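Participant: requesting a structural model of the entry that follows:
(chains A and B)
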Amino acid sequence: MRKRQIHAWGLLLGALLSPAGPELSAADKLRFNRDIRPILSDKCFHCHGFDPKNRKAGLRLDTFEGATADGGIVAGQAERSGVLERVLSHDPDEVMPPPESKLGRLSEVEIDTLRRWINEGAEYEAHWAFVPLQKPQLDAWLRTASSEGKKTPIDSLVTVGLRERGLSLQSAADDATLARRISFDLTGLPPTEAELADLAAGRIDLEAFTHRKLASPAYGERMAADWLDLARYADSYGFQVDREREVWMWRDWVVGAFNANLPFDQFLTWQLAGDLLPGATDEQVLATAFNRLHQQESEGGSVEEEYRVEYVADRVQTVATAFLGLTFECARCHDHKYDPISQREYYGLGSFFQNIDEAGLYSFFTPSPPTPTLLLMDEPAKATLAGLQARVGALEERVGAMEPLDRIALRDGVPVELQGQLAHYAFDHLDGNKLADSLHPEPTPPKKKPDPKSKPPASPSAMLKGENRLVPGRIGQAVQFTGDDPVTTPVGNFHRHDPFSVSLWLQTPDVKERAVVFHRSRAWTDAASRGYELLLEEGRLKWSLIHFWPGNAISVRVRDPLPAGEWVHVVVTNDGSSRASGLRLYINGTLVPVDVVRDHLTQDITGGGGDTIALGERSRDRGFKGGLIDDFRVFSRDLSQPPRPGLEPALSELRAARAELTEFSGRQKEIMVMRELPEPKTAYVLTRGEYDKRGEEVVAMTPASLPAFPADAPRNRLGLARWLTDPGHPLTARVTVNRLWQSLFGRGLVKTSEDFGSQGEKPLHPELLDYLALRLIHGGWDLKALLREIVSSDVYRQEAIAAANVMADDPENQWLARGPSFRLPAEMIRDNALAASGLLDPTLGGPPVNPYELAEAFKPFTLAKSGSTLHRRSLYTTWRRTSPPPAMLAFDAPRRAVCAAKRERTDSPLQALILLNGVQFVEAARVLGTSLYRDHHGNVDAMIHHGFLRCLSRPPDARELEICRRLHAEQLAHYRTRPQEAEQLLKHGVAPAEPGIAAPEAAAAAQLALALLNHDACVVKR
Amino acid sequence: MNPSTHSDPVPARLLNRRQWLNRSGLGLGGIALAELLAGEQAQAAGVLGGTHWAPKAKRIIYLFMSGGPSHLDLLDYKPLLNQRHGEQLPDSVRGGQRLTGMSGNQSSIPMVGSPFKFAQHGRAGAWFSELLPHTASIADDLCVVNSMFTESINHGPGVTFFQTGSQIAGRPSMGAWLSYGLGSENANLPAFTVLITQGKGGQPLGAHLWGSGFLPSRHQGVLFRAAKDPVLYLGNPPGVDPAGRRLLLDRLRELHEHQFAGTPDVEIHNRMDHYEMAWRMQSSIPEATGIEDELQHVLDLYGPDVKTPGTFAANCLQARRLAERGVRFIQLYHQDWDHHGGLPGALPRLCRETDQPAAALIKDLKQRGLLDDTLVVWGGEFGRTNYCQGKIQANFGRDHHPRCFTAWMAGGGVKAGSVFGETDEFGYNIVRDGVHIHDFHATLMHLLGIDHERLTYKFQGRRYRLTDIHGHVVKGLLA
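Facilitator: Coordinates of the predicted model:
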């Protein structure tokens, strides 16, 4: 019975709801964007819209030309229009939308609206969000406001809208309420008691108060909290492995940029393309980490390209959501169904974001940030680095050019010059699985029994593993490899600055697409190939020294393929310069020409495990199947140079200087950023969005339906930033001011802050949105100025409560007939309790910290024993994607897997449990209770009064005083009979208990404080 | 609970005072009403306000075996692999399947037969390995699906696909969709709960697997922990007893009533309700999770681990208790099925941990008459290869295999005592009746009375659903 009733109500409501929200008077002419587009977009565009592949019967209804071409719409004659006939039909084969679409029939109201619009001439309009902003309107609105005596056009524009509904603005809320509202909105923290007192006494006014809040460092922290959602900021990589990563330096940059009031167009440009700015500073490059904050993968066995493609897609989605307010993601697999974005344009936008030297997987075995990166150094460190580099440069000059030998002489298959030889494996005899180093024979085992406690000495021999075997070789025997088993050696953990060489004979049975000949590394992608390696790639030898493949490595590849089935003598050398030109290959004694594959090595090649040379196999890489290796020699010398004893002192000084540089660079903080490749990578349309289904090539482009790309702008991210911040761009400013409005009012002027396309909500106050956008653009993109204007407006300062019918009819406050009111966001809920209790540690910036709730996270964290990191602002709470802070999640913080332009807002009993029982809130209550007791020597009325000021920013009224007195008396009586309970309560958290206060008194005060911290007016902004 | 960002205006004249007081944007137009009208009842209705047709099942218990159990060693018997043990997998069978980076670069991929004995059980003659004696004993209650397939070859995307219908993390999970669509049968318990076997290694799980994605966050799974508090901060802190807490709540209610008088905002009334609900949950959840009232013969059914909190056995018993109390979706996870090596040693251990409790859950539900409207599902994110990873040796392993694997279902409207789908004699490809994840989801929803194409949520301009734009109900699985 109940259910049927519910259904009936639902239907009734559906029928009564007009499609456009506010009631339309019969006199108004219908407007396409306001009245018609929502119907067509929802019910028709899927099959009759922008996407030609999906278009049915060749009919498109998103343009006048398309709709009228074949009689779908006959302007002025609804009854002759095919569209109307089809929506009215009850024949399942005829009716539109068709039953199988499951979109349901158009309502009678919708049909009437369509009919009327067609009869009125079926006038189309460009989608409202794509209509250019009109600068002259800005001046007209300003003039009107001033002629009406309004502080700002915000007030005049909203007043006009309200007047149409027979409403007017509410009166201004009182100063204390406004101080609380402004303080949370601009700093995320409540006003201090002193500020409230100053306001009450008239020592400052709200203007001065606003100014103070905007100038406070807490302003940047509050603004950053929203920005982190957009930037999908997290202190871990996400996906399955979800290793922690250091990117907080970028978060600190964001806070600083807001505090410095960096104009928003620059704020955007630096983040998208700071690396491309002429003479880019470290700070500008750091800002580009914005593009790298997406989730990243390192699960073993994952396909590298699959994830690289995913990263690029995430960058596109983030930029589209954050700056364009468009759901570009839909066009990844096909042309957008609702908005004019083609799949080609999607990949065209993507091509801006793929031109960095990155890998699709981060390194499992090293903590190094994925390339490209930036070293983050303070000025002294930069000077030190520059000094070390200069010293290396000077020494290189002193040593002079070191032209390589053209030939390395061989005699009987062995290099004539053997100086610096470290190890020599002839691979002639197998002793067990040992292959002797002829320079370092196995020590004879001691006669007496070895001490079981002492480790046996490391064997100098190489080890033959698995099914590898000895076969007749070039000189005596050689190893033949299965491709799945290595020969390991105990030598070869060279630094990048160590000159070294390897000499060997090898024979490949066939043309290898990829094969590992030898390497010093733990793994391929799982270690970002950290170390050095000689590979066969498409039959050619490739010699590389690698910190993090591909962005931090030097690598050269021989031009000619290696002949198959022939013994070839190979020498590979490194001169220690960390330049590709210092890598050389000799084939059969002759220096061979190479192509440079990579030439950027700025960090060391050690670490990550796999410290010694292994031959013929590597973890999850392709081995040297069927290949032969013989006479393997390792040298701690660059064999491309003849021995030059006279130069040795200078060379050794150079080596020491390089070592110092390596060591110093390795100690610096490093963060992933964008660094444009000299040549862009080719971009493709990916069929159905699949990484391995490349279709046609595309060039960098922006959608044709939006303003043209500036003719003189480079086709890269910098040009894209210019396009986005062009004063004529219809979206960037609208989308930005809408989010600002959302952060103050709890709802954007466009509710769908992530979607300004035709499926998004059209604003009820489009002129207000345009005014704010124009104000931002023509006010120098000054966010603080815009915020000041909004919070000074009468619209913002209204009382949050309006007449009951207004509250009921407009529950979301879309009309703006009252001031903003909503439950504080997750960060503010906790920060407020910290501030009210006096626990808040206001330290700005730094590495993330672990508050109490992380001990309860899905993957619990270990907490610090002291309070120093427990009571920081919530902005600094460690954000681990697979194990986010559970209390923040319960208060609707998004998971930060992808860009989020707005938060859901829900209330639930789980939130009540957190506020009543969570360690942080109980600790805050007892600390606050104790301080109230101490300050007022247990005078209950004074404690209540003061507690109200701390938690609610206002004094209690008589009834509240009475309730709280009773509350306190009851709790005191309760704890007096249970002093042990009181003692227990006072142990919550790390803050020390105050000596000299009886436990029942302190516990009762804590309960009083807990009630106030749970009070509606403490957690809701009004 | 009011996701106020999801409401459309409701004309006030249609609501009486109490209704509009309750109204604070509970949902979509009439749906909001549905919820608030039911708010004072024992249940909270979902957005559908009912089902699309009479449901066969009212709830799901999903036993997720994370890591990818080997179908070839448990349920999909392939004697050919024993006959051709050590031979290379023919290219014609592999047919261009992409391999993971784990074994993709191996020089040889030899097939390995299962070292475990198989026998047929039940009316349908389903094959069970000797490692699953208890599961075999309930063969006539099971619908064994040998033809599951997926596109994922790695764990992260694989598990995410099963739980959310998408390989990339961020979409709502299945339980969240059901909570959203059908609501809760017991307003004092979350509609979607998650239980994870404690102390298991293996491939990590993440909280996104039971997240609500773009759905309102109250639909996210609530992780019942084996800790003192099954729900975050459920218990009163030490130093607060129920009597003292009740006094505090009574005064807080007075403060809120007074606040409402001066600030007539419906949110205040909602908040008051939530505090009362929180108070009730403080007893309803411990009541649901405590097992003091369980009879010995029932405990014996689940095996010796049942009294150790956090074991799979304990969680299976919890699942039954939550099902009895009307929890809509009960998600269990048991990790560590990822046997790249050491499979012959590891698999018996995993089966010892899970076989008896899973079978006991079915028996226990059945003896209480709950199996009729409870759907139980067992399975992992993919299967394992018929060739060995690395070299053939006694303690071999198998790599990930997406092309075919086995799951089973029981209860709530599935064909009991049946085997569905078939793989080739190599256990590598499906030859009949493949069931994709999207089909699987569509079928589960069908059994719960939902047309998977009609449970949608509009987000970023698009109507999303669990099955994306795919999925067909697999009629052959239905009773």
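
Participant: least confident secondary structure element in chain B?
Facilitator: helix B:30-38 (a mean of 34; mean pLDDT, DSSP states H and E).

Participant: hang on, A:Ile790 packs against A:Phe745?
Facilitator: No: contact criterion CB atoms under 8 Å: A:Ile790 and A:Phe745 do not qualify, at 9.0 Å. In this view, the C-beta of every residue, glycine as well, is placed from N, C-alpha and C.

Participant: need the overlap of contacts for these two.
Facilitator: A:Tyr796 (CB atoms under 8 Å, 6 or more residues apart in numbering or on different chains).

Participant: now B:Ser129. Nearest residue, chain neighbours left out?
Facilitator: Nearest residue to B:Ser129, sequence neighbours excluded (CB to CB, 6 or more residues apart in numbering or on different chains): B:Phe116, at 4.5 Å.

Participant: would you say the one you found is within a strand?
Facilitator: No: B:Phe116: not assigned to a strand; according to DSSP: H, G, I helix; E, B strand; the rest coil it is coil.

Participant: for it, grab phi and psi.
Facilitator: phi -100, psi 150 (degrees, to the nearest 10).

Participant: what is the neighbour count of it?
Facilitator: 20 (other CB atoms under 10 Å in any protein chain shown).

Participant: quick check: it touching B:Phe128?
Facilitator: No: with contact defined as CB under 8 Å, B:Phe116 does not reach B:Phe128; the gap is 9.9 Å.

Participant: can you tell me which residues contact residue 326?
Facilitator: Let's take chain A. Neighbours of A:Leu326 in contact, by CB under 8 Å, 6+ apart: A:320, A:339, A:341, A:731, A:755-757.

Participant: oops, wrong one, chain B.
Facilitator: B:43, B:58-59, B:184-186, B:189.

Participant: next one: A:Leu854
Facilitator: A:860-861, A:863, A:877-878, A:885 are the contacts of A:Leu854 under CB under 8 Å, 6+ apart.

Participant: swap in 10 Å and give it another go.
Facilitator: A:848, A:860-863, A:870, A:877-878, A:880, A:883-888 (CB atoms under 10 Å, 6 or more residues apart in numbering or on different chains).

Participant: show me which residues of the stretch 51-200 of chain B are close to chain A?
Facilitator: Applying CB under 10 Å from any CB of the partner chain, we find that the stretch 51-200 of chain B lies next to chain A at B:98-108, B:151, B:153-160, B:167-171, B:187-188, B:190, B:194, B:196.

Participant: and the two most separated of the contacts of B:Gly326?
Facilitator: With CB to CB as the measure, no two of the contacts of B:Gly326 lie farther apart than B:Lys58 and B:Leu189, at 14.1 Å.

Participant: so for the two, which residue has more residues nearby?
Facilitator: Higher neighbour count among B:Lys58 and B:Leu189: B:Leu189, with 24 against 20, using other CB under 10 Å.

Participant: am I right that that one falls within a strand?
Facilitator: No: using three-state DSSP, the assignment for B:Leu189 is coil, not a strand.

Participant: mind putting the contacts of A:Leu326 into TSV with pLDDT?
Facilitator: Below are the contacts of A:Leu326 laid out as TSV (pLDDT from 0 to 100):
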residue	pLDDT
A:Ala320	96
A:Asp339	86
A:Ile341	91
A:Leu731	98
A:Asp755	92
A:Phe756	95
A:Gly757	91
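
Participant: so, low pLDDT: which residues of the stretch 101-250 of chain B?
Facilitator: For the stretch 101-250 of chain B, no stretch is flagged by pLDDT under 70.

Participant: let's see it at 80
Facilitator: B:101-102, B:104-105, B:169-170, B:201-202, B:207, B:216-218, B:225-228 (pLDDT under 80).

Participant: what ranges does it have for its helices?
Facilitator: Using DSSP state H, counting those that start in this stretch, the helices of the stretch 101-250 of chain B run over residues B:133-137, B:155-164, B:174-182, B:242-262.

Participant: helices or strands up against the third one?
Facilitator: For helix B:174-182, the elements it packs on are strand B:44-45, strand B:59-65, helix B:155-164, strand B:192-196, strand B:329-334, helix B:437-447, strand B:457-459, judged by 3 or more CB pairs under 10 Å, 6 or more residues apart in numbering or on different chains; DSSP states H and E.

Participant: from A:Ser705, how far out is the residue nearest the centre of chain A?
Facilitator: With distances taken as CA atoms, centre = their mean, the residue of chain A nearest its centroid is A:Leu293 (2.9 Å). With distances taken as CB to CB, to the nearest Å, A:Leu293 is found 29 Å from A:Ser705.

Participant: and for B:Gly158?
Facilitator: 38 Å.

Participant: do you know how far B:Tyr428 is from B:Pro90?
Facilitator: 9 Å.

Participant: do the same with A:Asp174
Facilitator: 83 Å.

Participant: same check on B:His401?
Facilitator: For B:His401, the distance to B:Pro90 - CB to CB - is 16 Å.

Participant: so the two - more neighbours on which side?
Facilitator: Ranked by neighbour count (other CB under 10 Å), B:His401 and B:Pro90 place B:His401 first, with 25 against 12.

Participant: was I right to think the more buried one contacts B:Phe149?
Facilitator: Yes: using CB atoms under 10 Å, B:His401 makes contact with B:Phe149 at a distance of 9.4 Å.

Participant: what sits in contact with each of the two?
Facilitator: Contacts common to B:His401 and B:Phe149, judged by CB under 10 Å, 6+ apart, are B:382-383.
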